[in-house]
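Undergrad: Predicted model and sequence follow; I will ask about them next.
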Amino acid sequence: MSTDTVFSRIVRGEVPARIVYQDEDVTAFHDISPVAPIHVLIVPNKALRTLNDAGPEDQALLGKLLLTAQQLAREMGFAEAGYRIVINCNAQGGQTVYHLHLHLLSGRRMTWPPG
Ligand code: AMP
């Protein structure tokens, strides 16, 4: 199954996005349709379709996604106020773009449980 989604094209610079961070492993950019005042997506540059497709060889990469979120929360000034991290997996999880990504949400009080 193809893993070449719009997120791979953003990683490669072929589709415009408001990129907030990029290195050799991960890319972070503002969500085009934010559900919170701050809504950043953090994706591995390598195209994994879903969290289910990650294996032991991706352990460091998965950790880096979280540490990138933590670093961005600090740099963007909302680490202490708080934030939420979400990974949607497959249809029932609400995933719509099949390139693994982490949602970093902040700027308002989050509700629980999610809808
Ligand atoms: P998910 O439902 O977890 O797969 O989330 C996909 C997210 O990608 C949604 O929040 C969309 O608004 C966002 N999105 C889709 N296309 C783009 C794009 N070209 N640039 C930025 N965000 C996008």
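TA: Everything's here; your move. Numbering: from 1, shown residues only.

Undergrad: can you give me the end-to-end distance of stretch 42-50?
TA: 13 Å (C-alpha to C-alpha, to the nearest Å).

Undergrad: actually stretch 46-63, sorry about that
TA: Stretch 46-63: ends 14 Å apart by C-alpha to C-alpha.

Undergrad: and stretch 62-74, does that touch the ligand?
TA: No. Stretch 62-74 lies out of reach of the ligand by C-beta under 6 Å from any ligand atom, never closer than 13.4 Å. C-beta: built from backbone N, CA, C; applies to glycine.

Undergrad: in that stretch, what counts as buried?
TA: Leu62, Lys64, Leu65, Thr68, Ala69, Leu72, Ala73 (16 or more other C-beta atoms under 10 Å).

Undergrad: Stretch 78-94 too?
TA: Phe78, Tyr83, Asn88.

Undergrad: Arrange the residues you listed in JSON lines, one row each, with secondary structure and pLDDT as further columns.
TA: Formatted as JSON lines, the buried residues of stretch 78-94 follow (DSSP: H, G, I helix; E, B strand; the rest coil; pLDDT from 0 to 100):
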{"residue": "Phe78", "secondary structure": "coil", "pLDDT": "98"}
{"residue": "Tyr83", "secondary structure": "coil", "pLDDT": "98"}
{"residue": "Asn88", "secondary structure": "coil", "pLDDT": "98"}
